[in-house]
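Asks: Turn this into a model:
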Amino acid sequence: MLSPMIEEISRYANIDKESLIIKGIRSFLTDKKRDILLERLNILSKYDAVSKEELEHRIEQGSINEHPAWEDLILLENLESESEKINEYLRKK
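Replies: Modelled structure (predicted):
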């Protein structure tokens with residue numbers, strides 16, 4: 001079912017199917033990375049922090065309540081890991 005649609009879009013865009021698929025995957029990954037960066041920014045702005053390290057330092061100093069900041073810190077670490085994985089995919093050609 002997908003193949004006829006890919007074929008049709010390929011002809012419409014005047015691009016070979018493989019290039020179309022690669023561009024689609026790159027676009028998907030770029031959008032995913034943008035969503036991750038926005039989520040990261042939202043978490044940091046919630047604590048008025050500019051980095052994961054600053055947030056961690058402020059938690060350790062006690063200037064920010066541990067809960068839910070620790071959970072958000074863990075989420076930031078996961079987001080950074082996911083972002084790096086996407087970067088690895090985007091570096092591949």
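Asks: From here on, just use CA atoms for contacts and neighbour counts.
Replies: OK.
Asks: Any stretches of this structure with poor pLDDT?
Replies: 1, 93 (pLDDT under 70).
Asks: Work out which residue lies at the spatial centre of it.
Replies: Centroid-nearest residue in the chain, with CA atoms, centre = their mean: Lys33, separated by 2.6 Å.
Asks: mind checking how far Leu20 is from Asn87?
Replies: For Leu20, the distance to Asn87 equals 20 Å [CA to CA, to the nearest Å].
Asks: Look at these two and report which has more neighbours.
Replies: Counted by other CA atoms under 10 Å, Leu20 and Asn87 do not tie: Leu20 has more neighbours, with 17 against 14.
Asks: where does the closest residue to Leu44 other than its chain neighbours fall, helix, sheet strand or coil?
Replies: Leaving out its chain neighbours, the residue that sits closest to Leu44 by CA to CA, 6 or more residues apart in numbering is Val50, at 6.2 Å. Following DSSP: H, G, I helix; E, B strand; the rest coil, Val50 is assigned to coil.
Asks: distance of Val50 from Thr30?
Replies: 22 Å.
Asks: More neighbours: the two, which one.
Replies: Counted by other CA under 10 Å, Val50 and Thr30 do not tie: Thr30 has more neighbours, with 16 against 12.
Asks: Check which element follows the helix or strand containing that one along the chain.
Replies: Element membership of Thr30 [criterion: DSSP states H and E] is helix 17-46. Following helix 17-46 in sequence order, the next helix or strand is helix 52-61 (DSSP H and E).
Asks: now the angle between helix 17-46 and the helix or strand that that next one is followed by, please.
Replies: The helix or strand immediately downstream of helix 52-61 is helix 66-91, counting by DSSP H and E. Using axes from the mean of the first three to the mean of the last three CA atoms, to 10 degrees, the inter-axis angle of helix 66-91 relative to helix 17-46 is 160 degrees.
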